[in-house]
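Student: Next comes the sequence, and after it the predicted model I'd like to discuss.
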Amino acid sequence: MGPARAGEVIAHPSVNLTADEVRDAFLGEKQLAGDLRLIPVDNTAIQTEFLSKILQTDARKYAARWTRKTFREGIAAPAIKGSDAEVIAFVRSTPGAIGYVSAAPTTAIKVLEKF
């Protein structure tokens, strides 16, 4: 049996990213996928697991990185949603959106990566 999964990175059907590109989008290094502006969104319900497993960082370092990015480059940090349902609704209705949830619905959403 493999390691337990904490969640899934999901995207609007318009988004197609590799695992490295997902990481770069949440770190503010990748803002576009073709002509489409990427809109990452954080999920407080499973943020600790996402930061640890996908970004290899913790909440303090992640927040500090975004503070620097905001001041130096004028890039806004990902919006914060409080639950899987909020992230799913946002991603489903927003072209370019990517987020992460504990379990993705089976329709109208694209799963990019499991963690």
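Tutor: Structure's in. What do you need? Numbers count the residues shown, from 1 in each chain.

Student: Looks like residue 21 contacts residue 30 (just checking).
Tutor: Yes: Residue 21 lies in contact with residue 30 (Cβ atoms under 8 Å); the separation is 5.6 Å. C-beta coordinates here come from the backbone N, C-alpha and C atoms, glycine included.

Student: Which neighbours do those two have in common?
Tutor: Any residue near both residue 21 and residue 30 by Cβ atoms under 8 Å, 6 or more residues apart in numbering counts here, and not one turns up.

Student: what residue ranges in the protein score low on pLDDT?
Tutor: Within the chain, the stretches with pLDDT under 70 are 1-5, 106.

Student: ranges for the helices of it?
Tutor: Using DSSP state H, the helices of the chain run over residues 19-26, 47-53, 59-73, 84-93.

Student: From the contact counts, what lies against the third one?
Tutor: When contacts are defined as 3 or more Cβ pairs under 8 Å, 6 or more residues apart in numbering; DSSP states H and E, helix 59-73 sits against helix 47-53.

Student: returning to that earlier point: let me know which of the helices of the chain is the nearest to residue 101.
Tutor: With Cβ to Cβ, the closest approach to residue 101 among the helices of the chain belongs to helix 84-93: 4.1 Å.

Student: which ones are touching the nearest residue to residue 80 once chain neighbours are set aside?
Tutor: For residue 80, ignoring the flanking residues on the chain, the nearest one in space by Cβ to Cβ, 6 or more residues apart in numbering is residue 42 at 4.8 Å. Taking Cβ under 8 Å, 6+ apart as the criterion, residue 42 is in contact with 26, 50, 78, 79, 80, 81, 99, 100.
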